[in-house]
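here you go, sequence then predicted model.
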Amino acid sequence: MTNSTFLKNTRKRRTTKTKLFFRARVKCSSVSHWLRQAYPLFAATGVAVGICVFSLFRNITINPEVRVSKEPRAAGVLENFKEGQQYREHSLWKFVSNRKPEIMPTLNSFFSDPPKN
């Protein structure tokens with residue numbers, strides 16, 4: 001095989017490899033691949049929007065301080081401490097209020113507490 005034939009074959013191989021590379025890049029940019037890459041972002045955004053909607057709905061419907069209709073708003077400041085206390089101390093608050101503010105208590109105690117001999 002001569003030197004010029006070798007160069008021609010090498011160039012052909014390079015061009016076919018380059019074409020395959022660009023063809024593969026085009027296939028990877030399809031919609032399904034893009035969705036697989038971006039679904040965690042969509043999921044996190046969806047959870048955040050869900051939490052916001054839940055909070056807004058809860059405040060509008062249950063909060064004693066929020067008055068949507070005109071008649072209760074005309075009453076002014078109400079002293080309904082019992083209703084406010086019930087709103088504040090819902091079941092999740094009661095569950096969380098008796099616990100330490102730690103995310104991983106066993107891991108925290110492992111690193112912070114001295115070993116017991």
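In hand now; what should we look at?

go ahead and confirm G84 touches E65.
Yes - in this structure, G84 is within contact of E65 by Cβ atoms under 8 Å, at 7.5 Å. Where C-beta positions appear, they are placed from N, C-alpha and C, glycine not excepted.

and these two? which has more neighbours close in?
Ranked by neighbour count (other Cβ atoms under 10 Å), G84 and E65 place G84 first, with 14 against 11.

just the CA trace of the strand or helix carrying the more buried one, in CSV.
G84 is located in helix 81-88, with elements delineated by DSSP states H and E. Presented in CSV, the C-alpha positions along helix 81-88 are these (Å, rounded to 0.1, in the frame of the first residue of the first chain):
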residue,chain,number,x,y,z
PHE,A,81,-58.1,33.6,70.0
LYS,A,82,-59.6,30.1,70.3
GLU,A,83,-60.1,29.8,66.5
GLY,A,84,-56.6,31.1,65.9
GLN,A,85,-55.1,28.6,68.3
GLN,A,86,-56.9,25.8,66.6
TYR,A,87,-55.5,27.0,63.2
ARG,A,88,-52.0,27.2,64.5
